[in-house]
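*Asks:* Provided below for reference: sequence and predicted model.
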Amino acid sequence: MKTLSHVRFLTADVAADAAFYRDAIGLKQVVDVPGVYAEFDTGASRLAFYRANLMGEVLGTSAGARGDDVIVCLRVDSVDGEAARLQSRGVTMLREPHDQQAWYQRVAHFRDPAGRLVELWSPLP
């Protein structure tokens, strides 16, 4: 099963983005890691903001490449299984499945044909 869980924007100023979407737009903030990560409930999925330089560390690249300002996040039952399935269909992983302990998630990353980042994730047990 694949579910669009959230769209994550990468930013240099999480606090400013969080303040705008919380205070001006009026979205309910459900996660707040000050200066690092913010997440808002939008009903069926969530809108998130994460520091671009930290995502660059996760990916092992510098931030700023085309498509590196937003990540489409897909929750899957098995990151390893879905990554293997995609690779069998010719998708090249930017980062193979690995645990992100700080996020309590197993993740893998690849790019779509337009260069946008896509993340597969599942919660760690």
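*Replies:* Nice, thanks for sending it over.

*Asks:* tell me which residues of the lengthiest strand in the chain are tucked away?
*Replies:* Longest strand in the chain, counting residues (DSSP state E): strand 2-11. By 16 or more other Cβ atoms under 10 Å, the buried positions in strand 2-11 come out as 5-6, 8-11. For glycine as for every other residue, the C-beta is placed from the backbone atoms N, C-alpha and C.

*Asks:* Report the contact partners of the spatially closest residue to Tyr37 that is not a sequence neighbour.
*Replies:* Closest residue to Tyr37 apart from its sequence neighbours, by Cβ to Cβ, 6 or more residues apart in numbering: Tyr50 at 5.1 Å. Tyr50 makes contacts with 8-11, 14, 36-37, as judged by Cβ atoms under 8 Å, 6 or more residues apart in numbering.

*Asks:* so which helix or strand takes in Tyr50?
*Replies:* strand 46-51 (DSSP states H and E).

*Asks:* Between strand 2-11 and that strand, find me the angle.
*Replies:* 40 degrees (axes from the mean of the first three to the mean of the last three Cα atoms, to 10 degrees).

*Asks:* Thank you kindly, that will do.
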